[in-house]
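Student: okay, here's the prediction I keep looking at, along with the sequence it came from:
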Amino acid sequence: MKKSIFAGALLGAALTVSPAFAADSASGLPEVDTSVEPCTNFYQYACSAWNKAHPIPSDQSRWGSFAVLSQSNQEILRAALEKVMAEPRPGNQRLADFYGACMDDKTADDKGWAPIKPTLDKVEALHDLKALAKLLADLHSQGINAYFAFGSQTDFEDARKDIAAVQQAGLGLPNRDFYVRDSEKDESRRKEYVAHITRMFQLIGDSAEAAQTKAETVMRIETGLAKASLTLAELNDPQLTNHKKPVAELSNLLGDFDWAAYFAGVDAPQVKSLNIAEPDFLKAVQTSFAAESVDDIKVYLAWHVLHARAPWLSKAFVDENFAFYGKVLTGAQELKPRWKRCVALTDDSLGEDLGRYYVEASFGPEHKKRMLEMVKELKAAYDSDIDTLAWMSPATRKKAHEKLAAIIDKIGYPDHWRDYSKVVVKADDLVGDIERATRFESERDVHKIGKPHDKAEWGMTPPTVNAYYDPTENDINFPAGILQPPFFTMTADDAVNFGAIGMVIGHEMTHGFDDQGRQYDKNGNLKDWWTKEDAKKFEERAACVVDQYGSYTAIDDLKQNGKATLGENLADNGGIRIALAALKKRLAGKPDQKIGGFTAEQRFFLGFAQVWCTNTRDDAIRTQAMSDVHSLPEFRVNGTVSNSEEFAKAFACKADAPMVRGAKACRVW
Ligand SMILES: [Zn+2]
């Protein structure tokens, strides 16, 4: 699983905010809140002024620097798309038609739910389990992942090639905890979910009573699947999803299913073996098939068709979808304007077509050059850091150096743009366009099976405000979208940039050595390179971080999940240490010049903290704490700095200050 710096789009409630952020001075420094001591609550000190000045817009569930940048990137894309529509040329007709079809809400309203009628008819025509395989293959190819998901993945044993994989899927709520967690709030969310499904069925003509029965059926089937699903924390351990088996094993686990028809339906190549990521989950699908009538299976499938396309049908469906996924799960008050939803959809569907325009507008050779310099310096700092780890034996240390040296960086955008010429886009057929674009991606993915793994491919589009480490490629990836203020400010001094984008670089590198990444070798194979004793010492040190973050309360009765967020917290703690070391090296021998009253090290920590300044709605906090491997912004800042002796020194904190963990401080890297 790729590890990113941020969760990105949360349930379609993508990030966005006011362009007021751009008003922050060229120094890149935030305005601090002098009523709070930095050693008492550094997040408040660095962020409360920003947070006060940036209330959450009504169409958002959170508003932070990430979101502001993301919105400004969206505006660049919107301008590009409007230009493409005004001056259609042979090379950009596809984009113009796609975005045009999406913006045409009048046609969407006129069509009602007619665009999904053919797919619902296919579901309705299902008469026995034998025919389910072909139907499910068709739905999966359209991106409707009922029951399970199928596609390619890098081979755990040999990262040079891609193999087939089956994975758990099929839930309408974010993950298993939403079905099984026991609290009043969880219970009320489940009730709202059932009510939402009921209203969706009513929208396609069911009576209130019939729709209610159907919603309960969906809830029953999904709860069964949820209970058999791995948890968020378990999904971080690649060993728990590593089960390469002969294809015949599929029939042992899920026998009531025509696998041959399924593979033919998704156009998969012949394979002898595949990774059955969660075998117990497939057993649960078998149990569900045996327990449910064909009519009830049809209800479940129809719900997933409705759910997948609701945001792009007529207003009644769009509003109902927002009422649950926007309001209930994230607290957003109002639907985003259509252009924002359509820019995001175009980025999702034809991302590398659209991405070129973003790169042209926002990313130059100077960006790339400065990033390359920083990556080189961060890598050197990491290399020295490994030698300071007293707990690690020379044997493991040597391997760690080798793995670090092998990390590849990808910066900005792909060398080769994806060719979408096979995707048929029609100016008056939005849902058809989405379906065809999704089929193109699904086929592209399935056709990778059995082929050499392509490391040049990107897992994020160029305008994305995010970054990731891929353990199977051992590479760090920085889309052009994040190489902008406040992460990367061309006019800001080194201290601020090292605290912001420098920390992001260090964060991604540390993922190569977190609880998940450390299990892969320098070639991206899942292969243990640790001595037993060193692995044990790693576990002990990591447990300190699990306890630390697990003690933070997200909201009400809900704590931060220390285990699920471990990899990200290790990356934050390692990242800040490495970035500061690299900064010190760059500034060595130069006088420490104060800017805005702050020393270089103080500016470094402020540059780090301001990246995380965020206002978040309560419902979004709850959803994030249950479904996201990233800690909440406040803990990302305070959790990290309170482990840092250098932070305490930089701000002259007393030993008993809340931001000083002292002897309790955790350190792995
Ligand atoms: Zn990360």
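Tutor: Good, I have the coordinates. Residues are numbered from 1 along each chain as shown.

Student: what about the strands in the stretch 201-350 of the chain?
Tutor: Using DSSP state E, counting those that start in this stretch, the strands found in the stretch 201-350 of the chain span residues 244-246, 273-276.

Student: again with the stretch 451-600 of the chain
Tutor: Here the stretch 451-600 of the chain has its strands, by DSSP E, counting those that start in this stretch, at 468-470, 475-479, 553-555, 558-559.

Student: can you list the strands that the first one pairs with?
Tutor: When pairs are called by DSSP bridges, strand 468-470 turns out to pair with strand 3-4 (antiparallel), strand 475-479 (antiparallel).

Student: of all the strands of the stretch 451-600 of the chain, which lies closest to the ion?
Tutor: Among those, the nearest to the ion by C-beta to the ion is strand 468-470 (6.9 Å). All C-beta spots, glycine's among them, are computed from the backbone N, C-alpha and C.

Student: okay, buried residues for the closest one please.
Tutor: 468, 469, 470 (16 or more other C-beta atoms under 10 Å).

Student: what of stretch 152-165?
Tutor: So stretch 152-165, judged by 16+ other C-beta under 10 Å, has buried residues 152, 153, 154, 155, 156, 159, 162, 163, 164, 165.

Student: among those, which are in strands?
Tutor: Within the buried residues of stretch 152-165, residues falling in strands by DSSP state E are 152, 153, 154, 162, 163, 164, 165.

Student: and the furthest pair within those?
Tutor: Of all pairs drawn from these, the greatest distance, 11.6 Å, lies between 154 and 164 (C-beta to C-beta).

Student: just to revisit the earlier point, and the buried residues of stretch 152-165, which is closest to residue 523?
Tutor: Taking C-beta to C-beta as the measure, residue 159 is the one of these closest to residue 523, at 5.8 Å.

Student: ok, for that closest one, nearest residue in space, not its chain neighbours?
Tutor: The shortest distance from residue 159 to any non-neighbouring residue, by C-beta to C-beta, 6 or more residues apart in numbering, is to residue 524 (3.3 Å).

Student: for residue 155, see how far away that neighbour is.
Tutor: From residue 524 across to residue 155, the span is 10 Å (C-beta to C-beta, to the nearest Å).

Student: centre of the chain versus the helix or strand bottoming out on mean pLDDT in the chain, how much separation?
Tutor: In the chain, no helix or strand scores lower on mean pLDDT, DSSP states H and E than strand 3-4, which sits at a mean of 77. Centre-to-centre, strand 3-4 and its host chain are 7 Å apart (C-alpha atoms, centre = their mean, to the nearest Å).

Student: residues contacting it, please?
Tutor: With contact meaning C-beta atoms under 8 Å, 6 or more residues apart in numbering, strand 3-4 is reached by 460, 466-471, 508, 511, 514, 516-517, 567-568, 571, 629.

Student: 10 Å instead, please
Tutor: Strand 3-4 is contacted by residues 236, 459-460, 464, 466-471, 477, 507-508, 510-512, 514, 516-517, 567-568, 571, 629-630 when judged by C-beta atoms under 10 Å, 6 or more residues apart in numbering.

Student: and the next element down the chain from it?
Tutor: The helix or strand immediately downstream of strand 3-4 is helix 42-53, counting by DSSP states H and E.

Student: overlap of the contact sets of residue 524 and residue 155?
Tutor: In contact with both residue 524 and residue 155: 453, 472, using C-beta under 10 Å, 6+ apart.

Student: residue 496 against residue 46, yeah?
Tutor: No: look at residue 496 against residue 46 with C-beta atoms under 10 Å: they stay out of range, at 11.9 Å.

Student: picking that back up, could I get the buried residues of stretch 152-165 as TSV with pLDDT and distance to residue 86?
Tutor: Formatted as TSV, the buried residues of stretch 152-165 follow (pLDDT from 0 to 100; distance: C-beta to C-beta, whole Å):
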residue	pLDDT	distance to residue 86
152	97	39
153	97	42
154	97	42
155	97	47
156	97	49
159	98	45
162	98	41
163	98	46
164	98	44
165	98	43
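
Student: out of those, which two sit at the greatest distance?
Tutor: 159 and 164 (15.5 Å).

Student: chain center to the strand or helix carrying residue 71: distance?
Tutor: Using DSSP H and E, residue 71 sits in helix 65-86. From the chain centre to the centre of helix 65-86 is a distance of 20 Å (C-alpha atoms, centre = their mean).

Student: quick one: buried residues of that helix?
Tutor: 65-74, 76-78, 80-81, 84-85.

Student: in contact with the residue lying closest to residue 345 once chain neighbours are set aside, which residues?
Tutor: The shortest distance from residue 345 to any residue other than its chain neighbours is 5.7 Å, reached at residue 102 (C-beta to C-beta, 6+ apart). The contact partners of residue 102, by C-beta under 10 Å, 6+ apart, come to 81, 108, 312, 338-339, 341-346, 349, 430, 433-434.

Student: dump stretch 191-207 to PDB, keeping only the CA atoms.
Tutor: What follows is stretch 191-207, C-alpha atoms only, in PDB (Å, rounded to 0.1, in the frame of the first residue of the first chain):
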ATOM      1  CA  LYS A 191     -29.500   4.600  11.400                       C
ATOM      2  CA  GLU A 192     -28.800   7.600   9.100                       C
ATOM      3  CA  TYR A 193     -27.100   5.300   6.600                       C
ATOM      4  CA  VAL A 194     -30.100   3.000   6.500                       C
ATOM      5  CA  ALA A 195     -32.400   6.000   6.100                       C
ATOM      6  CA  HIS A 196     -30.200   7.300   3.300                       C
ATOM      7  CA  ILE A 197     -30.400   3.900   1.400                       C
ATOM      8  CA  THR A 198     -34.100   3.900   1.900                       C
ATOM      9  CA  ARG A 199     -34.500   7.300   0.300                       C
ATOM     10  CA  MET A 200     -32.300   6.400  -2.600                       C
ATOM     11  CA  PHE A 201     -34.500   3.400  -3.400                       C
ATOM     12  CA  GLN A 202     -37.600   5.600  -3.100                       C
ATOM     13  CA  LEU A 203     -36.000   7.900  -5.700                       C
ATOM     14  CA  ILE A 204     -36.000   5.100  -8.200                       C
ATOM     15  CA  GLY A 205     -39.700   4.300  -7.500                       C
ATOM     16  CA  ASP A 206     -39.900   2.000  -4.500                       C
ATOM     17  CA  SER A 207     -42.600   2.600  -1.900                       C
END
